[in-house]
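A.B. asks: following is a predicted model, sequence given first.
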Amino acid sequence: MIEKLQHRYALSERGAKDLVQGVIACTVQNIAFMFPVSLLYFFVGDLLDGGIHGSRIAFYVVGALFCLALIYGITYWQYNTTFLATYVETGTRRITLAEKLRKIPLSFFGKKDLADLTSTIMADCTALETAFSHFIPPFAGSLISTVLIAASLFFFDWRMAAASLWVLPVAYAIVGLSAKVQQKLSDKSMDAKMACADGIQECIESVQDLKANNAEADYLVGLYDKIDAVEQQAVKCEFGTAVFVTSANMILKLGIATTALAGASLLLKGSLDVLTFFLFLLVVSRLYDPMQAALQNLAAIISIRTNVGRMNEILDHPVQDGREELTNRDYDIKFDHVTFSYNKKENVLKDLSFTAKQGEVTAFVGPSGSGKTTVSRLAARFWDPDAGKITVGGMDIAKIEPETLLSLYSIVFQDVTLFNSSIMENIRLGRKDATDEEVLEAARLANCDAFAEKLPKGYDTEIGENGSQLSGGERQRISIARAFLKNAPIILLDEATASLDVENETMIQTALSRLIRDKTVIVIAHRMRTVAGADKIIVLSEGQMAEEGTAEELLKQDGIYAEMVRLQNQSQGWTIV
């Protein structure tokens, strides 16, 4: 049962056990609320029998105090097992989702955007928190306690019990049969929210381009439509829920009427005593209150399936795992008949084989979309190939835990990611235990001194979100400094100097030449001068190896590489006429 609850509601094992405790606590609480009804039943019975005297007064005083203490104690227990336990579980869920995202292949992120994943971790977890503190335990508790109380009523008088309880299955059926309708409404509402969140995030991220193209007004028109769609779907969702819940609650109200009518009829016939009639009136007045809330909770539980489904999409996704022990002999990277596609439809790499040897620089060039960057991603196991095998020193990287594997790599990508912290701490990301002296040495090798020393606090200057206070070249130099600091045996450079001017590019290439000694280096570049000194150049075209050799050999072949060199040489002489 615990495992089923875990999957059905995206819970941890502890959370599923706490849910069961919460249901038990709510059930006991509902039953405890019937104790005052029982006490009142006996009180009225004594009054009808001639009054209350002597010890009976003490009995009712003690009974009232006992009911008060019992309800207080059970309510305290119920609060802890529903609210407090739920808050702990919400934190656990967010951490679990984040940990799972850390291990999921990057191919998953190609299907999701930042707003969607952020909403899952924050908004969906919040919805789950509300469900497990306000909806599910009270609903289940009301259902169980109602069954128990209903069964006991049949011992008093089955006719009155039937007149009082017939409304319950009818009311539940109305709400239960609406599940598909409510699920569709909830899904549409969630889609509208995600579209709106995507639009807002896109607007914030692209505000510079929108202003530059004078397109803010047109874009905001579309964004306003998305916001209106959220409002409209929310109204439809609430109305759809209200139709069924209100109808069910109206049916519940009929239970009081049928109880009174049946009791009055039986009382007039003399087949029912006044005390039993009074008991049923008391019970139904108390019984229907939690049931009305339970019906509303049932509607909320049905709608929470959408949020749970989004979380389970992450939790159930296969992860990249493997051994935590490295068994490589050296650091040669070998692609053996590797085929790969991002969407399982169109291959980006087709039967690609090559070896990037330790101590050599292997460069990849080719037209945009030829698969150059994909090679570097696969080499670091950001994705796994669809076919073929990739090895490092004879070790199949598909069988190695990704974080363990990445200890062998220093990576500099074209798209640099920086954090809203100091330059010093951004560089230290390359090796967290590095001393300040080691960080500063890496920064010097990457030519960061040229801009860092001009800042108000030097290397301790906060650089803003994703380095917003720095230029593209300055951001890239910080990324290169990380690679210097990590000093791993394999280096992947994907357009590492693309944002640098000629002077800085020359300085950093000189520093890189010291860094790459005796290491395996893969370079992805568009500038032909960047790869001219590589030990081996591989030219990719449509995901396949078109040419291979040194720069001189490829120029003699007069193929794709030679044509790219000619075009870039021509572009250098281009002027505005």
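C.D. replies: Good, I have the coordinates. Numbers count the residues shown, from 1 in each chain.
A.B. asks: span of stretch 315-328 from start to end?
C.D. replies: 32 Å (CA to CA, to the nearest Å).
A.B. asks: stretch 544-553 now?
C.D. replies: End-to-end distance (CA to CA), stretch 544-553: 19 Å.
A.B. asks: which parts of that stretch are buried?
C.D. replies: 545-547, 549, 551 (16 or more other CB atoms under 10 Å). The way it works is simple: take the backbone N, C-alpha and C, and place the C-beta from them, glycine included.
A.B. asks: let's have these in a markdown table, adding pLDDT, secondary structure and distance to residue 220.
C.D. replies: A markdown table is the format used below for the buried residues of stretch 544-553 (pLDDT from 0 to 100; DSSP: H, G, I helix; E, B strand; the rest coil; distance: CB to CB, whole Å):
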| residue | pLDDT | secondary structure | distance to residue 220 |
| --- | --- | --- | --- |
| 545 | 92 | strand | 48 |
| 546 | 91 | strand | 46 |
| 547 | 91 | strand | 49 |
| 549 | 92 | strand | 54 |
| 551 | 88 | helix | 51 |
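A.B. asks: quick check, nearest of the residues you listed to residue 173?
C.D. replies: Distance to residue 173 across these (CB to CB) is lowest for residue 545, with 66.0 Å.
A.B. asks: what is the burial count for the residue nearest to residue 330 when sequence neighbours are not counted?
C.D. replies: Nearest residue to residue 330 in three dimensions, chain neighbours excluded: residue 393, at 4.3 Å (CB to CB, 6 or more residues apart in numbering). Residues near residue 393, counting by other CB atoms under 10 Å, number 19.
A.B. asks: kindly list the longest helix within the protein.
C.D. replies: helix 216-269 (DSSP state H).
A.B. asks: what helices or strands is that helix leaning on?
C.D. replies: helix 158-165, helix 167-176, helix 179-205, helix 207-212, helix 274-303 (3 or more CB pairs under 8 Å, 6 or more residues apart in numbering; DSSP states H and E).
A.B. asks: looking at the buried residues of stretch 544-553, spot the one nearest residue 158.
C.D. replies: For those, with residue 158 as the reference and CB to CB as the criterion, the closest is residue 545, at 84.5 Å.
A.B. asks: partner residues bridging the closest one?
C.D. replies: Counting by DSSP bridges, residue 545 is bridged to residue 540.
A.B. asks: and the pLDDT for residue 323?
C.D. replies: Model confidence at residue 323, given as pLDDT, is 90.
A.B. asks: outline the domain layout of this structure.
C.D. replies: 2-312, 333-572 (automatic domain parsing).
A.B. asks: pull the distance from the last one to the chain's centre.
C.D. replies: Okay, so that is domain 333-572. Centre-to-centre, domain 333-572 and its host chain are 30 Å apart (CA atoms, centre = their mean, to the nearest Å).
A.B. asks: likewise the first one?
C.D. replies: From the chain centre to the centre of domain 2-312 is a distance of 24 Å (CA atoms, centre = their mean).
A.B. asks: would you point out the most distant pair within the buried residues of stretch 544-553?
C.D. replies: Counting by CB to CB, the most remote pair of the buried residues of stretch 544-553 is 545 and 551, 16.4 Å apart.
A.B. asks: rewinding a little: next one: phi and psi at the residue nearest to residue 330?
C.D. replies: For residue 393, the backbone dihedrals are phi 60, psi 40 (criterion: degrees, to the nearest 10).
A.B. asks: surely it meets residue 356?
C.D. replies: No - assessed by CB atoms under 8 Å, residue 393 is found out of contact with residue 356, at 11.5 Å.
A.B. asks: how many other residues sit next to residue 257?
C.D. replies: Residue 257: 11 neighbours (other CB under 10 Å).
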